[in-house]
Each structure stands twice: as structure tokens, then as C-alpha cells.
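> structural data only, the sequence is not supplied:
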């Protein structure tokens, strides 16, 4: 049997006024049913799309429907033993009678089109199928009303038919009995509705989050340019981890290496929503820790290179330790059997490693060393009599000063030996 039987889709046809027992309703429902059968993956099985206006891959008119219902309730179809010459016809009539009363409510004000897809309803094929059904319904609305009456991004509501998108303003008066509204239902339709709504708000959420963070940083650091530099250090780990996630999980580059890197063919839709905010918080946390020390030393009379060197040496061990601890914590999610947990742990762990050992070690010092005179605006930093890396304070703190000190000592020793000779 088809995997779609696990959770069939339904399309509820609701006339604006009157009942479904009209020629116009039957014709439109039959047209939509036929298009879904022939224009989607359902075409592999003529019985995958059924409704009182469409059965066994064929349209059924109102006159034929009334005739089949009447036949199913009259002799000889009501007899226990149907005559052999009428057995086939009565079987069809009885089958249609059962379908009709399963698909039409008691008041005959709504009719259901049931769609059984040939794939698992929660598989990745479901979204293209849902898009196709929305397009078919929308195109039929255009033919009938001359405008797009059934938007994919309208508000969703919950009713006895399930969670679905419903057009709240089709552009046609509800007293017009030619209006026919289609309500697309099903478990995956509800998830798709929520996903579209969330992703529609995702850019606004990201903008508000980053805008608020950079505003707080500007006030805290009393600088207009420092948050801009931090933005550059934020985008690098985001782009890198999502790119690595696509290569490893979506394309399966490391599938043969370990079971935790099993190819998934894509991301679970909620991962970018959740991970982006967490990665932003982790990245900015370490960056701010380093940046505040740089500003502290710069305002104390060190030049920019000396400030960066001193701050990096002072905070490097703490940031590295914290980064390793966080990576180990997130890395535990790689041992989960669920692909979503694996992917989340991989992205979070890799983001922490990149921010700890690449961004804070290389990128932040490189960016902060540029434009020293305007970088701290409107705060004025000292520009004269600055402590540089040549100061004795930095002897042994960095490789450059240590190397210079060793060379000086070797030169002095050699000179002394020559003098004694």
C-alpha cells in the first residue's frame, strides 16, 4: 500500500452559499481533483485522488452523482442477493454511496477531496507537492474570480478539519453563491504553514536581534565603529558553519567516516532559526571579552598593536578554555541517534571552535588594528607618548620581543668574547 496512507491530505471545498449539490461546485471540485492527479506525483495511481466529483480517475457530474445515489437506495441494489446482470453496476453505486457520505457533511455544505500521496507524508517530497496544490487552487481561483484569492501566506487557523491556511478575504462577496473556497488540510500542511510564517518573520527577528545587540555594544563601548567590526567577525563563523553543514550533512561528504555524519539531504527547517541566535550570542560573548580589554589598554596609553597583544595574551587562555569546554558540551550531541541533534551539535561545536581559535586569535586583532584614529569615535584615545611593543614590558610576552631580546643577548655575548680575545 502507499506510504501516503499514513497521513492523507484533504482539501475541503466550501461554497459561499447553499450546498455542494450544484453543477458549479461539482465541476470545480472535479477540475481541481483532476489537476492534482495529473500535475503532481499522484499520477502513478488513479485512485490516489478521490471525491464525490472525481472517482477512479474520472469526473462525475452532479447528474451522475444523483443517479448513483438513487440507484444505491433502490431495487435491485438493496437486495441481499443482487442479480448477476446488475452486480457490477450496483457495486459501483454502493462504492460511490459510501464515498459520498464519507466526504460530504450532513448539511451538505462542504465536500472533501482526499489525496493519498505515493511517498511518506513527512518526507522532503511533501513541500513541492504542497506548493503544487496551492498553485492549482490559486490558478482555479483566478479563472473563477479574475484575481488571486487563495494566498499561500494567509493567516492559518484551526478548526475541525485540522490546521490549514485559510483566505480571509477572497475578494468575492460571501453572499455570492458561485464562490467556492478550498481549504487545504493535513499534518504536513500545518507544519508547512508554520514554517512559512516563521521564515517570513525570520529576517525581521534577525534584524531586531542584531540591531539591539549592536546598539547595546555601541553604548557600552562608547564607539560607533567597534560594533561594525564585530559584525564582520560574526558573519564569518555563521557562513562557515552553515557551509560545512551543507557539505557534510546535506551532501554527505563524511558519511563513510562516522555514523553521526549520515547524509540527511537537507536541514530540519527549525535549525537555522534556533542556531543563528545561539551562534550570535556565543560569538559576540568572546569577542566582547577581548575587545573590552583592548579598549582598556588603548585608553591607558598603549598603542593599538601593544593593546591588542597585551589583551590577547591576557584573555587567550580563558577564552580558549571556555571554548574547549563549550565544544565538548555541544559535541556530546553528536552521539545522539537523531539527525537533528547531530546537526545541531556539529554546527554549535564548530562555531565555538572557529570563534575561539580563528576569529578571536586572528580576525579580531587584524580588524582592530586598522584605522586607529577613527576606530574609537567619538571617544578620543591618547595619540602621543604611547607604550609600544618595543617597551621592556613586552619582553617575553610575545615572540617578536623575545626574539629581539635573544638576538641582543647573543650579540652582546659575542662582542664580549671578541673583546676578551
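Alright, I've got the coordinates. Just so it is clear, the model here is predicted, and its values are computed rather than measured.

> ok, so what distance separates the closest residue to residue 41 other than its chain neighbours from residue 99?
Leaving aside its sequence neighbours, residue 41 sits nearest to residue 118 (CB to CB, 6 or more residues apart in numbering; 5.6 Å). Placement of C-beta: from N, CA and C, glycine included. Counting by CB to CB, to the nearest Å, the gap between residue 118 and residue 99 amounts to 20 Å.

> these two: which is more packed in?
Set side by side, residue 118 and residue 99 give different neighbour counts by other CB atoms under 10 Å, the larger being at residue 99 (20 against 16).

> got a list of what that one touches?
With CB atoms under 8 Å, 6 or more residues apart in numbering as the criterion, the residues that contact residue 99 are 50-52, 55.

> repeat that with 7 Å
50, 52, 55 (CB atoms under 7 Å, 6 or more residues apart in numbering).

> look up how far residue 327 lies from it.
From residue 99 over to residue 327 the distance is 58 Å, taken as CB to CB.

> repeat for residue 112
From residue 112 over to residue 327 the distance is 52 Å, taken as CB to CB.

> mind listing what's buried along the longest helix along the chain?
Taking DSSP state H as the assignment, the helix of the chain that covers the most residues is helix 187-221. For helix 187-221, a neighbour-count test (16 or more other CB atoms under 10 Å) marks 187-193, 196, 210, 213-214, 217, 221 as buried.

> likewise stretch 318-334?
319, 322-323, 326-327, 330-331, 333-334.

> before we move on, what about stretch 71-80?
Residues of stretch 71-80 classed as buried by neighbour count (16+ other CB under 10 Å): 71-72, 77.

> rewinding a little: between the buried residues of helix 187-221, which is nearest residue 283?
Distances from these to residue 283 were compared by CB to CB; the smallest belongs to residue 213, at 10.5 Å.

> could I get the buried residues of stretch 71-80 as JSON lines with pLDDT, distance to residue 232 and secondary structure?
Compiled in JSON lines, the buried residues of stretch 71-80 are given as follows (pLDDT from 0 to 100; distance: CB to CB, whole Å; DSSP: H, G, I helix; E, B strand; the rest coil):
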{"residue": "71", "pLDDT": "86", "distance to residue 232": "76", "secondary structure": "helix"}
{"residue": "72", "pLDDT": "85", "distance to residue 232": "73", "secondary structure": "helix"}
{"residue": "77", "pLDDT": "75", "distance to residue 232": "77", "secondary structure": "coil"}
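
> where does pLDDT dip in this protein?
Low-confidence segments of the chain, defined by pLDDT under 70, are located at 1, 79-87, 145-178, 395-421.

> tell me which two in the buried residues of stretch 318-334 are the farthest apart.
Distances among the buried residues of stretch 318-334 were taken as CB to CB; the most separated pair is 319 and 334, at 23.0 Å.

> quick check, central residue of the protein?
The chain has residue 269 as the residue nearest its centroid, 3.3 Å off, counting by CA atoms, centre = their mean.

> in stretch 243-262, what's buried?
By 16+ other CB under 10 Å, the buried positions in stretch 243-262 come out as 244-245, 248-249, 254, 260-261.

> for residue 253, give its distance to residue 6.
From residue 253 to residue 6 the distance is 32 Å (CB to CB).

> what about residue 377, neighbour count?
Once other CB under 10 Å is used to define contacts, residue 377 is seen to have 14 neighbours.

> next one: residue 299
Summarising burial for residue 299: neighbours were counted as other CB under 10 Å, giving 14.

> show me which parts of the strand or helix carrying residue 234 are buried, residue by residue.
In this structure, residue 234 is located in helix 226-245 according to DSSP states H and E. Of the residues in helix 226-245, those buried under the neighbour-count criterion (16+ other CB under 10 Å) are 226-227, 229-230, 233-234, 237-238, 240-242, 244-245.

> how about residue 295, what does it touch?
Listed by CB under 7 Å, 6+ apart, the contact set of residue 295 reads residue 221.

> try residue 206
Contact analysis of residue 206 by CB under 7 Å, 6+ apart lists residue 276.

> how much space is there between it and residue 198?
In this structure, residue 206 lies at 12 Å from residue 198, with CB to CB as the measure.

> sec struct for residue 113, please.
Assigned with DSSP: H, G, I helix; E, B strand; the rest coil, residue 113 falls in the strand class.

> how close does the residue nearest to residue 48 when sequence neighbours are not counted sit to residue 230?
Counting by CB to CB, 6+ apart, residue 48 lies nearest to residue 42, which is 4.2 Å off, once chain neighbours are set aside. Taking CB to CB as the measure, residue 42 falls 51 Å from residue 230.
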